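S.K.: Sequence and computational prediction follow.
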Amino acid sequence: MKKFIVIIATALLFVACSSNTKKQTDKKKSPIIANPSGFEITRGINISHWLSQVYGFSKRDVFFTKNDVELIDSLGFDHIRLPIDEKEMWDEQGKPIAQSFAYLKSAIDWCLEYNIRVIVDLHIIRSFYFNAGNEGQKNTLFTDENEQKKFFGLWSTLSDFLKHYPESMVAYELLNEAVAENPEDWNKLVANTIKTIRAKEPERVIVVGSNMWQIASTFTELKVPGGDKNIILSLHNYDPILFTHYKANWTGFKEFTDSVNYPIIITKEVYNKNKHLAKNEAENAFEDGLDKYGQEKFTEILKPAIDKAKELQLQLFCGEF
């Protein structure tokens, strides 16, 4: 999904659907399922639009600083998800951009000072962008072997640059919101990318999302290498989208101007008035807006991802919501 300036991330363990809603206040509290590398996360935040989707809000040397890490720590977060884009980190000839890698190193070093863990998220690459259908870019990553080799090379370079950091403090997220026409193309890419990283770092924690924007319903099709407990599964959830993407100009319902509410997003009257605006995903968005969103609804939405985590006995992480 196209991102807002700040998107919250949190670690969601598969037992989180129990009735216990007590707020966690100890950021050092261990997760219920621990990976062998000790990469333990409970609540975090995305550092959006710094080394990824850079829209020029501010100069990079002041957009994110050590003071921000201190603030993140004071608010009780225990990790950040740090998105990076290929075009921000490598030039068109594939050469690493020294200043960008220096920023990446500084961010991780600041976090380690405050015992904040870091997920380095390869967010957008030249051969793949999760919103390509909306913005005219063609995705070739899942069908072009040469582009896949380049992708493996990006991770090989990142591994060489980051492998000296403790496995308990830094993890790698392979790719943000894969969108492959055939889910097996994503599964094959996952297996081969993990193989590339494992050749250099056998114990590094690797974060893997499902196909089609990491939504929970596609977890039934996700495959990860068996027996590897240093994998964290990652989901994204923007339900109900008519509410979370209200007036977002990249959606099929961008012209919808009536008010939205919660937990029932729109009334039947508002639905009938606006259903003519439905385009692409918008028709479902309006229909879903008639449902009541609460614990039962979200338990239903998240169930496929929770079931996959139970099946594989892996942590389940909500990277965006």
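M.R.: Ah, there it is. Residues are numbered from 1 along each chain as shown.
S.K.: From the opening residue of stretch 85-102 to its closing one, how far?
M.R.: Distance across stretch 85-102, first residue to last, is 15 Å (C-alpha to C-alpha, to the nearest Å).
S.K.: for stretch 175-189, that is, sorry about that
M.R.: 10 Å.
S.K.: Buried residues in it, which are they?
M.R.: Across stretch 175-189, burial judged by 16 or more other C-beta atoms under 10 Å covers 175-180, 183, 185-187, 189. To be clear about C-beta, it is placed using only N, CA and C from the backbone, and glycine gets the same treatment.
S.K.: low-confidence ranges in the stretch 51-200 of the chain?
M.R.: The stretch 51-200 of the chain contains residues with pLDDT under 70 at 133-136.
S.K.: all helices for it, in order.
M.R.: Along the stretch 51-200 of the chain, counting by DSSP state H, counting those that start in this stretch, helices occupy 60-63, 66-74, 86-89, 98-113, 132-135, 145-162, 183-200.
S.K.: and Ser257, how many neighbours?
M.R.: If you look again at residue 257, you'll see it is Thr, not Ser. 10 (other C-beta atoms under 10 Å).
S.K.: Quick check: it touching Val270?
M.R.: No: in this structure Thr257 lies outside contact range of Val270 using C-beta atoms under 8 Å: 10.5 Å.
S.K.: Can you lay out the helices of the stretch 51-200 of the chain as JSON lines showing distance to Trp213?
M.R.: Listed next are the helices of the stretch 51-200 of the chain as JSON lines, based on distance: least, C-beta to C-beta, whole Å:
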{"stretch": "helix 60-63", "distance to Trp213": "26"}
{"stretch": "helix 66-74", "distance to Trp213": "26"}
{"stretch": "helix 86-89", "distance to Trp213": "19"}
{"stretch": "helix 98-113", "distance to Trp213": "25"}
{"stretch": "helix 132-135", "distance to Trp213": "11"}
{"stretch": "helix 145-162", "distance to Trp213": "18"}
{"stretch": "helix 183-200", "distance to Trp213": "11"}
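S.K.: Ser159: how many residues sit nearby?
M.R.: Neighbour count for Ser159, taken as other C-beta under 10 Å: 17.
S.K.: same question, Val270
M.R.: 18.
S.K.: and the residue lying farthest from the centre of the chain, helix, strand or coil?
M.R.: Centroid-distance maximum for the chain: Glu269 at 35.4 Å, with C-alpha atoms, centre = their mean. With DSSP: H, G, I helix; E, B strand; the rest coil as the basis, Glu269 sits in helix.
S.K.: going forward can the numbers begin at 39, since that is how I track them
M.R.: Happy to do that; since the first residue is 39 now, the last one works out to Glu307.
S.K.: ok, it to His314 distance?
M.R.: Computed as C-beta to C-beta, to the nearest Å, the Glu307 to His314 distance reads 14 Å.
S.K.: same question, Thr289
M.R.: Remark: distance between Thr289 and His314 (C-beta to C-beta) = 15 Å.
S.K.: Have a look at those two and say which one is more surrounded.
M.R.: Using other C-beta under 10 Å, the more surrounded residue of Thr289 and His314 is Thr289, with 21 against 9.
S.K.: For the more buried one, give me the pLDDT.
M.R.: If you check Thr289, the pLDDT there is 84.
S.K.: isn't it right next to Phe281, touching?
M.R.: No: using C-beta under 8 Å, Thr289 is not in contact with Phe281, being 11.9 Å away.
S.K.: OK, contacts around Ile270?
M.R.: The contact partners of Ile270, taken as C-beta atoms under 8 Å, 6 or more residues apart in numbering, are 73, 77, 209, 243-246, 352-355.
S.K.: beta partners for it?
M.R.: Ile270 has these beta-bridge partners by DSSP bridges: Val245, Gln353.
S.K.: Can you show me the helices along the stretch 239-359 of the chain?
M.R.: 279-282, 306-312, 320-326, 333-350.
S.K.: And these: which comes nearest Glu259?
M.R.: Closest to Glu259 of these, according to C-beta to C-beta: helix 333-350, at 9.5 Å.
S.K.: And for the closest one, what's in contact with it?
M.R.: 50-52, 55, 248, 254-258, 260, 262, 269, 271, 273, 275, 277, 301, 329, 353-354.
S.K.: Could I have the PyMOL command that selects the buried members from those residues?
M.R.: Typed into PyMOL, the line below selects the buried ones among these, using 16+ other C-beta under 10 Å:
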select buried, resi 50+51+52+248+254+256+257+260+262+269+271+273+275+277+353+354
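S.K.: Would you mind measuring from the closest residue in space to Tyr276 that isn't next to it in sequence to Leu192?
M.R.: Computed as C-beta to C-beta, 6 or more residues apart in numbering, the closest residue to Tyr276 that is not its neighbour in sequence is Thr282, at 4.6 Å. Thr282 is 30 Å from Leu192, where distance means C-beta to C-beta.
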